[in-house]
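S.K.: Got a predicted structure here, sequence first:
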Amino acid sequence: MRIPRIRAPKHRWHALLVAVFLIVIGLGAGMMAHEWQQAELLDETGTRVTGVVSRVVLPTGRGERISGEIVYTVAGHRHTVRKVPNGGHPHPRKGDRVCLEAAREHPRLVRLCGDRYPDGDGGFPTLALVTVAATIGLFFVTGHWITERRELLVAPASSADTTS
């Protein structure tokens, strides 16, 4: 007696890709909203302060740049932040002065003067492009999935018509 084989659905990759695209869209949109809110808060309540690079931090992995720990004072309290200074120097040096904008209510929320977003102006467009690409991928995979399902549903009906 032969035991029939149970076969997995042929196109499981559709569901996996849809899940991955939904996760990327959710994370990307959430991170963009957070960056946007922080930028708005800095626009409304930002005060200019001067920071000093206290330590140069070398990159630990791929894609990182040399950054500096910048010490600044807001309302009598000393704070430290790690940023890549965008001054005239390609690499920060210990003792360099850096212009920062800090939020009055949240002094740890800072951005470099001239930047629009706290994590740098290159991060927000990258998040937007990744989110848009994931949305396009989601639409493509969903459309492909629907097209294949329609073909499977139409194919048996048309083959039954030709046999009679």
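M.R.: Received the coordinates, thanks. Source: prediction; values computed, not measured.

S.K.: from here on, contacts and neighbour counts on C-alpha atoms
M.R.: Noted.

S.K.: max-length strand in this protein?
M.R.: For the chain, the strand reaching the highest residue count under DSSP state E is reported as strand 46-57.

S.K.: Direction included, what does that one pair against?
M.R.: Using DSSP bridges, the strands paired with strand 46-57 are strand 67-74 (antiparallel), strand 97-103 (antiparallel).

S.K.: Per-residue pLDDT of Glu40, please?
M.R.: We have a pLDDT of 91 for Glu40.

S.K.: Next, count neighbours for it.
M.R.: For Glu40, the tally of surrounding residues (other C-alpha atoms under 10 Å) stands at 14.

S.K.: residues in contact with it?
M.R.: With contact set as C-alpha atoms under 8 Å, 6 or more residues apart in numbering, Glu40 has no partners.

S.K.: Just the element for it, please.
M.R.: helix 13-45 (DSSP states H and E).

S.K.: how far does that helix sit from the chain's center?
M.R.: Remark: helix 13-45 is offset 6 Å from the chain centroid, using C-alpha atoms, centre = their mean, to the nearest Å.

S.K.: cool, stretch 42-57 as well?
M.R.: Relative to its parent chain, stretch 42-57 has a centroid offset of 23 Å by C-alpha atoms, centre = their mean.

S.K.: Restrict it to CA atoms and write it as PDB.
M.R.: Presented in PDB, the C-alpha positions along stretch 42-57 are these (Å, rounded to 0.1, in the frame of the first residue of the first chain):
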ATOM      1  CA  LEU A  42      13.900  70.800  16.900                       C
ATOM      2  CA  ASP A  43      12.400  73.300  14.500                       C
ATOM      3  CA  GLU A  44      10.000  74.600  17.100                       C
ATOM      4  CA  THR A  45      12.200  74.600  20.200                       C
ATOM      5  CA  GLY A  46      15.800  74.300  19.000                       C
ATOM      6  CA  THR A  47      18.500  76.400  20.500                       C
ATOM      7  CA  ARG A  48      22.000  76.800  19.100                       C
ATOM      8  CA  VAL A  49      24.800  75.500  21.200                       C
ATOM      9  CA  THR A  50      28.500  75.000  20.600                       C
ATOM     10  CA  GLY A  51      29.900  71.600  21.200                       C
ATOM     11  CA  VAL A  52      33.500  70.400  21.400                       C
ATOM     12  CA  VAL A  53      34.700  67.100  20.000                       C
ATOM     13  CA  SER A  54      36.000  65.300  23.100                       C
ATOM     14  CA  ARG A  55      37.000  62.000  21.500                       C
ATOM     15  CA  VAL A  56      37.300  60.600  18.000                       C
ATOM     16  CA  VAL A  57      35.500  57.300  17.500                       C
END
